[in-house]
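In: sequence first, predicted coordinates after that:
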Amino acid sequence: MSGFVEKPEPVQVPGLTHLHTGKVRDLYQNAAGDLIMVASDRISAYDWVLPTEIPDKGRVLTQLSLWWFEQLADLAPNHVLSTEIPDGAPADWAGRTLVCTSLAMVPVECVARGYLTGSGLAEYRQSRTVCGLALPEGLVDGSELPAPIFTPAAKAAVGEHDENVSYEEVARQVGPEVAAQLRQLTLAVYGRARDIARERGLILADTKFEFGFNGEELTLADEVLTPDSSRFWPADQWEPGRAQPSFDKQFVRDWLTSAASGWDRASEQPPPALPQEVVDHTRAKYIEAYERLTGLPWS
């Protein structure tokens with residue numbers, strides 16, 4: 001069992017229809033049919049949405065995504081129409097809200113990997129492949145791959161793991177032409193982002209994108225290149241053969257699996273609330289990622 005420890009009630013806003021409460025984002029639709037995405041301060045780990053929030057996290061994710069959309073505009077159009085909060089919405093929505101074109105979403109998580117870790121490492125240890133792609137012998141946790149690879153995943157519901165799938169399965173689901181577009185665009189965007197991160201002393205190990213169609217045009221959607229959707233490592237601490245320090249929720253994961261939490265991950269019990277120290281460390285990591293990538297101070 002997993003999912004929300006405490007599922008929040010959606011905020012009711014005149015003129016907006018609530019569509020979905022996700023791990024982090026709440027989705028609404030306005031009368032014009034536009035999608036309203038509101039990034040909360042919720043945080044998830046081990047398939048649970050935790051009862052403790054990380055202050056400013058939703059704003060960091062939103063502002064970082066907007067910065068990345070600008071860096072990528074010549075490679076891929078995106079779905080953002082406006083950042084103005086709708087009339088009648090809470091003041092707290094400021095800085096965490098995107099008004100977006102409603103797209104026909106592609107039912108595939110588009111993952112690019114430049115380094116071996118996570119679920120890719122687990123598969124490699126079993127079969128020397130990732131999503132069916134053969135890789136060289138001798139790679140370890142954190143190894144740079146000979147070239148970035150497209151390793152798609154099937155989207156999962158809240159509380160469930162995304163499942164890695166082969167390129168052939170993607171082609172079967174969406175057709176060979178769209179599959180080829182997804183692979184080409186995913187790797188192009190990853191390559192641009194990897195180079196930008198590298199200039200700032202960061203390694204972009206892997207990332208996932210979501211795409212949808214705006215008419216005939218494949219369009220970048222959701223969040224992009226944030227610590228929630230990507231693994232960023234400090235380049236000066238990169239050391240293959242071990243887990244790398246990361247700009248994400250590693251403090252949360254480490255505490256949950258420590259004796260201090262008293263939580264048994266294998267049990268069906270929900271995880272406990274986070275202590276303030278873990279909240280503060282995690283918030284600081286999200287902000288550090290924003291500041292290092294954008295070169296802008298967080299305010």
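Out: Yep, it's here.
In: and for the residue lying closest to Glu144 once chain neighbours are set aside, the neighbour number?
Out: Closest residue to Glu144 apart from its sequence neighbours, by CB to CB, 6 or more residues apart in numbering: Tyr115 at 5.4 Å. (Glycine included, C-beta is placed from N, CA and C.) For Tyr115, the count of nearby residues is 24 (other CB atoms under 10 Å).
In: wait, Tyr115 touches Ile203, no?
Out: Yes - counting by CB atoms under 8 Å, Tyr115 touches Ile203, with 6.8 Å between them.
In: which neighbours do those two share?
Out: Counting by CB atoms under 8 Å, 6 or more residues apart in numbering, the contacts common to Tyr115 and Ile203 are Trp233.
In: from Leu133, how far off is Ser44?
Out: Separation of Ser44 from Leu133 (CB to CB, to the nearest Å): 28 Å.
In: neighbour count for these two, which is higher?
Out: Using other CB under 10 Å, the more surrounded residue of Ser44 and Leu133 is Ser44, with 20 against 17.
In: now do the phi/psi pair for that one.
Out: With angles defined as degrees, to the nearest 10, Ser44 sits at phi -120, psi 150.
In: which residue, other than its chain neighbours, is closest to it?
Out: Per CB to CB, 6+ apart, closest to Ser44 is Lys23, 4.5 Å.
In: pretty sure that neighbour sits against Val49.
Out: Yes - shown here, Lys23 and Val49 form a contact pair, counting by CB under 8 Å, at 5.3 Å.
In: buried residues, stretch 102-119. List them.
Out: 102-103, 106, 108-119 (16 or more other CB atoms under 10 Å).
In: meant to ask about stretch 129-140
Out: 130-131, 133, 135, 139.
In: now, those that are in helices?
Out: Among the buried residues of stretch 129-140, none falls in helices (DSSP state H).
In: put together a markdown table for those residues, with distance to Leu296 on each row.
Out: As requested, the buried residues of stretch 129-140 are exported to a markdown table (distance: CB to CB, whole Å):
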| residue | distance to Leu296 |
| --- | --- |
| Val130 | 35 |
| Cys131 | 35 |
| Leu133 | 37 |
| Leu135 | 37 |
| Leu139 | 36 |
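In: among these, which one has the lowest pLDDT?
Out: For the buried residues of stretch 129-140, the weakest pLDDT value sits at Cys131, with 89.
In: contacting residues for that one?
Out: By CB under 8 Å, 6+ apart, the neighbours of Cys131 are 120, 123, 149-152, 164-167.
In: buried subset of the residues you listed?
Out: 120, 123, 149-152, 164-165, 167.
In: reformat the residues you listed as TSV; add pLDDT, distance to Leu182 and secondary structure.
Out: Below are those laid out as TSV (pLDDT from 0 to 100; distance: CB to CB, whole Å; DSSP: H, G, I helix; E, B strand; the rest coil):
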residue	pLDDT	distance to Leu182	secondary structure
Gly120	92	18	helix
Glu123	92	20	helix
Ile149	97	13	strand
Phe150	97	8	strand
Thr151	95	12	coil
Pro152	94	7	coil
Asn164	87	15	strand
Val165	89	12	coil
Tyr167	94	9	helix
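In: which one of these is nearest to Pro275?
Out: Distance ranking of those against Pro275, using CB to CB, places Gly120 first at 31.6 Å.
In: farthest pair in the buried residues of stretch 102-119?
Out: Ser102 and Leu116 (36.4 Å).
In: so what does Glu109 have for phi and psi?
Out: Per degrees, to the nearest 10, the backbone of Glu109 is at phi -80, psi 120.
In: what is the burial count for the residue nearest to it when sequence neighbours are not counted?
Out: Closest residue to Glu109 apart from its sequence neighbours, by CB to CB, 6+ apart: Ala153 at 4.1 Å. For Ala153, the neighbour count with other CB under 10 Å is 18.
In: for Ala153, what are its contacts?
Out: 108-109, 111, 162-165, 208.
In: can you give me the buried ones in the top strand by length along the chain?
Out: As assigned by DSSP state E, the longest strand anywhere in the chain is strand 202-214. Buried residues in strand 202-214, defined by neighbour count with 16+ other CB under 10 Å: 202-212.
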